[in-house]
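Engineer: can you look at this prediction? I've put the sequence above it.
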Amino acid sequence: MPKTDEESYDRRALHERIAADLRDEIMSGDLAPGANLPSTQRLKERFDASNATVQKALQVLKDERLVVGRAGAGVTVREHQQETVRPADFGKPAEAGKPYPWLTEASKRGKQGSIQLLDVAEVRPPQDVAEAMGLPENGTAVVRQQLLSHDGDPVELVSSYYPLDLAQGTALTEARKIRGGTPALLAEMGFPPRLTVDRVSARVPTQEQYEALQLPSDLPVLRTLRVVYSDDDRAIEVTVMAKAGHLYELQYEFV
């Protein structure tokens, strides 16, 4: 039985706590795709909650696209579960004439991938990006911001930054898509990727991320700060990627 508000350190509303426990069971596989959630009566007993509170918790999960309610069939776990992404699949330049690897991987998963270029501009990057690039105080860089989608649903907001001296006079500064992606272009320019370093954190979404990713609530986003180094340990690309934490997980492999 859950602790009372006076006993518990968890000060979230009860419906949020119920949704959190059920969400964890869905994402860990205890409640498998296609499985029915326990009945409202059982959830009321388990969480010592009213019918209205249980229904409010279930609506949270519906908004997050984790479950679906069908008349006469209760609430069912959706087939679309947390998707595993292998970052190593996307860091290499595309082969000549081939699309950007992210689009290829989407197709392998049976999804239609699309990339929308939102902005290309010269800006002062966030401090962690500026430090990774070794920029002087008030130094600027070229940013290319894109929104990645699966079957029309936004899945990732990507902001990639490039040193000015490297980007000026190249397609990196042009407001158009780059065939094969920027890794292929950088390699053609004589800056092949030699080392990629990811720093991943969970964060409350910014207003920009919330709207771009059409998030259902302020569940954390997975924020990846990726630094790509070329020869002489030069940082040639620093990217900030944000994706919905309840829909995606990252898989890294070590030898």
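Structural biologist: Received the coordinates, thanks.
Engineer: which regions of the protein lie under the pLDDT threshold?
Structural biologist: 1-7, 80-81, 89-101 (pLDDT under 70).
Engineer: helices along the stretch 51-200 of the chain, start to end?
Structural biologist: Listed in chain order, the helices of the stretch 51-200 of the chain (DSSP state H, counting those that start in this stretch) span 51-63, 101-108, 127-133, 164-167, 182-188.
Engineer: what packs against the third one?
Structural biologist: Going back to what we said before, that points to helix 127-133. The contact analysis (3 or more C-beta pairs under 8 Å, 6 or more residues apart in numbering; DSSP states H and E) places helix 127-133 against strand 141-150, strand 153-163, strand 221-229, strand 235-244. Backbone N, C-alpha and C define where each C-beta goes, glycine included.
Engineer: equivalent analysis for the second one, please.
Structural biologist: The elements that helix 101-108 packs onto, with contact taken as 3+ C-beta pairs under 8 Å, 6+ apart, are strand 113-123.
Engineer: and for the first one?
Structural biologist: With contacts defined as 3+ C-beta pairs under 8 Å, 6+ apart, helix 51-63 has these neighbours: helix 14-28, helix 40-47, strand 67-70, strand 74-77.
Engineer: would you turn those into CSV with mean neighbour count and distance to Val255?
Structural biologist: Shown next, in CSV, are these (neighbours: other C-beta atoms under 10 Å; distance: least, C-beta to C-beta, whole Å):
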stretch, mean neighbour count, distance to Val255
helix 14-28, 18, 27
helix 40-47, 15, 44
strand 67-70, 15, 38
strand 74-77, 18, 35
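Engineer: residues contacting the nearest residue to Ser50 once chain neighbours are set aside?
Structural biologist: In space, Ser50 comes closest to Lys44 once its chain neighbours are excluded; the distance is 7.0 Å by C-beta to C-beta, 6 or more residues apart in numbering. The contact partners of Lys44, taken as C-beta atoms under 8 Å, 6 or more residues apart in numbering, are Ser50, Asn51, Val54.
Engineer: just those residues now: which is nearest Val142?
Structural biologist: Val54 (50.6 Å; C-beta to C-beta).
Engineer: show me the domain layout of this protein.
Structural biologist: Domain assignment for the chain, taken from automatic domain parsing, gives 14-77, 83-250.
Engineer: and the gap between Val227 and Gln146?
Structural biologist: From Val227 across to Gln146, the span is 18 Å (C-beta to C-beta, to the nearest Å).
Engineer: also Met241?
Structural biologist: Met241 is 10 Å from Gln146, by C-beta to C-beta.
Engineer: identify the contacts common to these two.
Structural biologist: Common neighbours of Met241 and Gln146, counting by C-beta under 8 Å, 6+ apart, are Leu157, Val158.
Engineer: ok, Gln116 - how many residues close by?
Structural biologist: By other C-beta atoms under 10 Å, the residues close to Gln116 number 12.
Engineer: now do the same contact list for it.
Structural biologist: Applying C-beta under 8 Å, 6+ apart to Gln116 gives the contacts Gln146, Leu147, Leu148, Ser149.
Engineer: mind running it again at 10 Å?
Structural biologist: Applying C-beta atoms under 10 Å, 6 or more residues apart in numbering, we find Gln116 in contact with Gln145, Gln146, Leu147, Leu148, Ser149, Pro154, Lys177, Ala212.
Engineer: pretty sure the fifth one is touching Val155, no?
Structural biologist: Yes. Ser149 is in contact with Val155 according to C-beta atoms under 10 Å; the separation is 6.1 Å.
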